[in-house]
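Predicted model, plus sequence, below.
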Amino acid sequence: MSARTPPLARLCAALLGALLLALLAACTRPQPPALRIGTNVWIGSEPLYLARELGTLDPLHVQLVEYPSASEVLRAYRNQAIDGMVISLDELFGLAVDGLDPRAVLVVDVSHGADAVVGRAGMKTMRDLAGKSIAVEGGALPAFVLSRALALSGMQAGDVKVVHLESNEQPAAFEKGLVDAAVTFDPYRTQLLRAGGRTLFDSTRIPGEIVDLIAIRKGVLDERGPAVQALLTGWFGAVDFMRREPGDAARRMGIRQQTSAEQFLAGQRGLHVPSREENLAMLGGPTPSLAASGRRLMTLMLDAKLLRAPVDIESLLAPGPLTRLPRPPP
């Protein structure tokens, strides 16, 4: 530019150049890495994979990482290999006590029969397990289910022999006669029943006590708002599809779970999947209902020594992303 160019023109040119550089930098700024969400093999997590298949879960924002067992999901979170996960409420408490800052952004399901203790043919009640071996996966939830099943049957932990086995290892051990029972859930419960097992206890006996959530690390939640919104949008897109097309949805999800659509639908009957409005009532407002039911669960866990210290439940609930989620058109 000539030295004879008027000062105002030079200033405008400089500002325009700076603006173009800023726009270029914005265009070339790298996309933040996808939000990594860990799951285990569990029918309650399947709507996430259905959302991925349907295209309602943006892969640029959310990556699903499946592990063989819930204990491996927790290990991955502790090692910061994932940003969030599908976990149960009792597991949320355990992570919080250890200072790992999980925040619940969504209730994915409430168990009403989906979690169970399955024993051998001929057994009728939990009391038939006295002195027998029972397979239990590592982690808080299976221990909690066993603790409640024993307590409601007038039994104690010492009345059974606990064998630590991952959930995916239990059906084979049961068929080989290595264990007499298992604390289980679908799809593994179905496999145990097909092998001649009998349900001795299930979560219909403890309504509202087993709740599964999507929890995300607090630091990630504060920084990755668009990714969290994409996660919630994908979830509710899949849930809406499940309600409109239950047979097709069950067929798609059953393929991943290696079950038929009919078996998948039967397993789903043991779960309640809360709506957006139910989620808001459970997680938000002045008196979130999940905090009320969670306090009872926390007391039970403390009494059974499954939790080493109490937690402030309300501080673990993060309804903000859900309240900001655009409502679908009527």
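Sure, I can see it. Numbers count the residues shown, from 1 in each chain.

Pull the distance from the longest strand seen in the chain to the chain's centre.
Criterion DSSP state E: the longest strand present in the chain is strand 102-111. Chain-centre distance of strand 102-111: 6 Å, with Cα atoms, centre = their mean, to the nearest Å.

tell me the mean pLDDT over it?
Mean pLDDT, strand 102-111: 96.

for this protein, what spans make up the strands?
According to DSSP E, the strands that the chain contains are 35-40, 62-67, 84-88, 102-111, 115-119, 133-136, 161-164, 181-185, 198-202, 211-217, 271-272.

Give me the packing partners of the first one, helices and strands only.
For strand 35-40, the contact count by 3 or more Cβ pairs under 8 Å, 6 or more residues apart in numbering; DSSP states H and E identifies strand 62-67, helix 70-78, strand 84-88, helix 225-244 as packing neighbours. (C-beta placed from N, C-alpha, C; glycine too.)

for that strand, the distance to its chain's centre please.
Going by Cα atoms, centre = their mean, where strand 35-40 is centred and where its chain is centred differ by 9 Å.

For it, which strands pair with it and how are they oriented?
Using DSSP bridges, the strands paired with strand 35-40 are strand 62-67 (parallel), strand 84-88 (parallel).

Show me where the protein dips below the pLDDT cut-off.
Residue ranges of the chain with pLDDT under 70: 1-30, 328-330.

which ones are touching A135?
V163, H164, L165, E169, Q170, A173, F174, V179, A181, A182, V183, T184 (Cβ atoms under 8 Å, 6 or more residues apart in numbering).

try G237
A51, L54, T56, L57.

Export those to CSV and append columns for distance to L193.
Below are the contacts of G237 laid out as CSV (distance: Cβ to Cβ, whole Å):
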residue, distance to L193
A51, 29
L54, 30
T56, 33
L57, 32
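
out of these, which one sits closest to A227?
Sorting these by distance to A227 puts L57 at the head of the list, at 10.8 Å, by Cβ to Cβ.

Which ones among the contacts of G237 map onto helices?
A51, L54 (DSSP state H).

Out of the contacts of G237, flag the one nearest to E209.
When those are compared against E209 (criterion: Cβ to Cβ), the nearest one is A51, at 27.3 Å.

hang on, the earlier thing: out of the strands of the chain, which gets nearest to T323?
Here strand 102-111 is closest among these (Cβ to Cβ), at 10.7 Å.

the inter-axis angle of the closest one versus strand 35-40?
40 degrees (axes from the mean of the first three to the mean of the last three Cα atoms, to 10 degrees).

Counting by contacts, list what strand 102-111 packs against.
Strand 102-111 packs on strand 84-88, helix 89-97, strand 211-217, helix 218-223, helix 225-244, strand 271-272, helix 276-283, helix 320-323, going by 3+ Cβ pairs under 8 Å, 6+ apart.

got the CA coordinates for it in PDB?
Provided in PDB are the C-alpha atoms of strand 102-111 (Å, rounded to 0.1, in the frame of the first residue of the first chain):
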ATOM      1  CA  PRO A 102     -19.200 -37.600  38.500                       C
ATOM      2  CA  ARG A 103     -22.400 -35.600  37.700                       C
ATOM      3  CA  ALA A 104     -25.600 -37.300  36.700                       C
ATOM      4  CA  VAL A 105     -27.100 -35.700  33.600                       C
ATOM      5  CA  LEU A 106     -29.800 -38.300  32.700                       C
ATOM      6  CA  VAL A 107     -31.700 -41.100  34.300                       C
ATOM      7  CA  VAL A 108     -31.700 -43.900  31.600                       C
ATOM      8  CA  ASP A 109     -33.800 -46.500  33.500                       C
ATOM      9  CA  VAL A 110     -35.200 -47.700  36.700                       C
ATOM     10  CA  SER A 111     -35.000 -51.400  37.300                       C
END
